[in-house]
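> Could you look at this predicted model? Sequence included:
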Number of protein chains: 2
Amino acid sequence: MRRDALERRERIIKTACEVYRTYPHATVPLDEIAKSAGVGIATLYRNFPDRDSLIEACAKDMFQIVLNDQKTTLAELKEAADSAAAEEIWNRHINSLLELGLGTLIPAFAPEDLSELTEDLAQLRDLTAERTAEILAALRPHGLIAAEIQPLTFIIGLITVSRPPVPGLQKLDPGATRELVDIFLAGCAHGSNTLKERIAKQSDSDSLG
Amino acid sequence: MRRDALERRERIIKTACEVYRTYPHATVPLDEIAKSAGVGIATLYRNFPDRDSLIEACAKDMFQIVLNDQKTTLAELKEAADSAAAEEIWNRHINSLLELGLGTLIPAFAPEDLSELTEDLAQLRDLTAERTAEILAALRPHGLIAAEIQPLTFIIGLITVSRPPVPGLQKLDPGATRELVDIFLAGCAHGSNTLKERIAKQSDSDSLG
């Protein structure tokens, strides 16, 4: 693909992601996305024959950004002088994920049945999950993630607390999402006895069953 | 109203709440609700001329249940022998709210703009918020709610973590909601320095502004 064609394609993807981040509850028409990206609708359709292919490209773009940030975070955590430094790295990483709009984009992009993910996306998702597990493991010795916090629970939790708020509630307290992330991270750091007991009971019944 | 008429009305409300809890993402037709409640559609319309009036009755019913449970919880907390007893009372109260489906019903019932709430509902909401503040105050000496956790943040948080999960994610981990509630409560108990700093900065800029 020629360089200007690649740039146009990239611009469409970035614009579409921005649109999904800004209007989480709406289905914005493709011609509006083309217009915001400064390309003709024909150019958009040449790159993305339908909405699904545009969403797939957006999702790949999102995963690549997450994976890059995870790589940097892991490298930084290895060099962290002490737990205060590790906490700073951890907060910076979480802020990047929030700015990326993870809690908005994943619900917008995820199919109702995750087995419908394309092979490319399933691979990216698995790689992101593995890196998440590595990051949590690197944070445990610093007291930033309790032993009972599983990577999948962490991922689902971060997405859940940062999902677009119920519109009526958001007006009551526009800063609530960031505060809930703080509380969620504190819970992950300190851990929960109730959760520990729940996991213990679960594995008892698994081994009996 | 005659007793059997009252009972039918009550049955319609309870059935509608159950339907909203079970199918959070759907708009179930009113005649199906009538059928599930074992009444004719004419009886439903005689009680509730449109969906809004049915939703209002459901919301009032939900608030009454919450208020009753809050009253019991407050009385029990006053008698709590020690912090372990207080924690047990607190967990029971949270479990009642989760069983009621608070995280599903409030997003389903809340108008996009809360100033559109009817006067009755606004009063019930304010009373619920006051009682929440009293309960949190009673929990603080037991180390179950940190000083920086505001009642409104707590309410929004509990609703946010217990909202119907993103469908694709729920299949990955059906028990995730209960685990996230555990983590959220642990975060509320231990508190968050990041949140404390955020609140301090906020009140600085408020007093400067």
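Looks like it arrived, so ask away. Numbers count the residues shown, from 1 in each chain, chains lettered A, B, ... in the order given.

> State the number of residues packed around the residue in chain A that chain B sits nearest to.
Proximity of chain A to chain B (CB to the nearest CB) peaks at residue A:187, 3.2 Å away. C-betas here are computed from N, CA, C, even on glycine. By the criterion of other CB atoms under 10 Å in any protein chain shown, residue A:187 has 28 neighbours.

> for whichever helix in chain A runs longest, the distance to its chain's centre please.
Criterion DSSP state H: the longest helix present in chain A is helix A:51-79. Relative to the mean C-alpha coordinate of its chain, helix A:51-79 is positioned 8 Å out (CA atoms, centre = their mean, to the nearest Å).

> Would it count as contacting chain B?
No - Helix A:51-79 is not in contact with chain B by CB under 8 Å from any CB of the partner chain; minimum separation 11.9 Å.

> so what does that helix touch, helix or strand wise?
Counting contacts by 3 or more CB pairs under 8 Å, 6 or more residues apart in numbering or on different chains; DSSP states H and E, helix A:51-79 is packed against helix A:3-22, helix A:30-37, helix A:41-47, helix A:83-100, helix A:102-109, helix A:119-139.

> which parts of the least confident helix or strand in chain A by mean pLDDT are buried?
Ranking every helix and strand in chain A by mean pLDDT, DSSP states H and E puts helix A:167-172 at the bottom, with a mean of 77. Residues A:168, A:169 are the ones in helix A:167-172 that count as buried (16 or more other CB atoms under 10 Å in any protein chain shown).

> Poorly predicted segments of chain A, please.
Scanning chain A for pLDDT under 70 picks out the ranges A:208-209.

> Give me the buried positions along the longest helix of chain A.
A:54-63, A:66, A:69-70, A:73-74, A:76-77.

> what residues are up against the closest residue to residue A:118 other than its chain neighbours?
Closest residue in space to residue A:118, ignoring its immediate chain neighbours: residue A:56 at 6.2 Å, by CB to CB, 6 or more residues apart in numbering or on different chains. Contacts for residue A:56 were tallied using CB atoms under 8 Å, 6 or more residues apart in numbering or on different chains; they are A:118, A:120, A:121.

> if I look at residue A:56, how far off is residue A:196?
Going from residue A:56 to residue A:196 by CB to CB, to the nearest Å gives 39 Å.

> swap in residue A:117?
With CB to CB as the criterion, residue A:117 and residue A:196 are 32 Å apart.

> So which of the two has more stuff around it?
Each of residue A:117 and residue A:196 has its neighbours counted (other CB under 10 Å); residue A:117 has more, 19 against 14.

> Was I right to think the more buried one contacts residue A:111?
Yes - counting by CB atoms under 8 Å, residue A:117 touches residue A:111, with 6.5 Å between them.

> Could you list the domains of chain A?
A:1-49, A:61-208 (automatic domain parsing).

> Deepest-packed of the ones you listed, please.
Comparing those by mean neighbour count (mean count of other CB atoms under 10 Å in any protein chain shown), domain A:61-208 comes out on top with a mean of 17.

> Centre of the chain to that one, how far?
The answer for domain A:61-208 is 8 Å, by CA atoms, centre = their mean.

> and if you look at stretch A:2-13?
Going by CA atoms, centre = their mean, where stretch A:2-13 is centred and where its chain is centred differ by 24 Å.

> same question, stretch A:47-66
Distance, centroid of stretch A:47-66 to centroid of chain: 14 Å (CA atoms, centre = their mean).

> Would you mind writing the CA trace of that stretch as CSV?
Presented in CSV, the C-alpha positions along stretch A:47-66 are these (Å, rounded to 0.1, in the frame of the first residue of the first chain):
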residue,chain,number,x,y,z
ASN,A,47,-10.5,0.0,3.2
PHE,A,48,-13.3,-1.4,5.3
PRO,A,49,-16.2,-3.0,3.3
ASP,A,50,-18.5,-3.0,6.4
ARG,A,51,-18.7,-1.9,10.0
ASP,A,52,-17.4,-5.2,11.3
SER,A,53,-14.1,-4.9,9.4
LEU,A,54,-13.7,-1.4,10.7
ILE,A,55,-14.3,-2.5,14.2
GLU,A,56,-11.8,-5.4,13.8
ALA,A,57,-9.2,-2.9,12.7
CYS,A,58,-10.0,-0.6,15.6
ALA,A,59,-9.8,-3.5,18.1
LYS,A,60,-6.4,-4.6,16.7
ASP,A,61,-5.1,-1.1,17.0
MET,A,62,-6.3,-0.9,20.6
PHE,A,63,-4.6,-4.2,21.5
GLN,A,64,-1.4,-3.1,19.9
ILE,A,65,-1.4,0.1,22.0
VAL,A,66,-2.1,-2.0,25.1
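
> one step back: name the residues contacting each of residue A:117 and residue A:111.
By CB under 8 Å, 6+ apart, no residue touches both residue A:117 and residue A:111.

> before we move on, back to that, okay, the domains of chain A in JSON lines with distance to residue B:155 next?
Formatted as JSON lines, the domains of chain A follow (distance: least, CB to CB, whole Å):
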{"stretch": "domain A:1-49", "distance to residue B:155": "22"}
{"stretch": "domain A:61-208", "distance to residue B:155": "8"}
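
> out of those, which comes closest to residue B:93?
domain A:61-208 (13.5 Å; CB to CB).

> Setting the sequence-adjacent residues aside, check what's closest to residue A:32.
Setting aside the residues directly before and after it, residue A:32 is nearest to residue A:19 in space (CB to CB, 6+ apart), at 7.7 Å.

> what sits against that neighbour?
A:28, A:32, A:33, A:36.

> redo that, cut-off 7 Å
A:28, A:33, A:36 (CB atoms under 7 Å, 6 or more residues apart in numbering or on different chains).

> check contacts around the residue nearest in space to the middle of chain A.
The centroid of chain A falls nearest to residue A:102 when counting by CA atoms, centre = their mean (3.5 Å). By CB under 7 Å, 6+ apart, the contact set of residue A:102 is A:158, A:159, A:162.

> Can you say which of those are also within reach of chain B?
Filtering these for proximity to chain B by CB under 7 Å from any CB of the partner chain leaves residue A:159.
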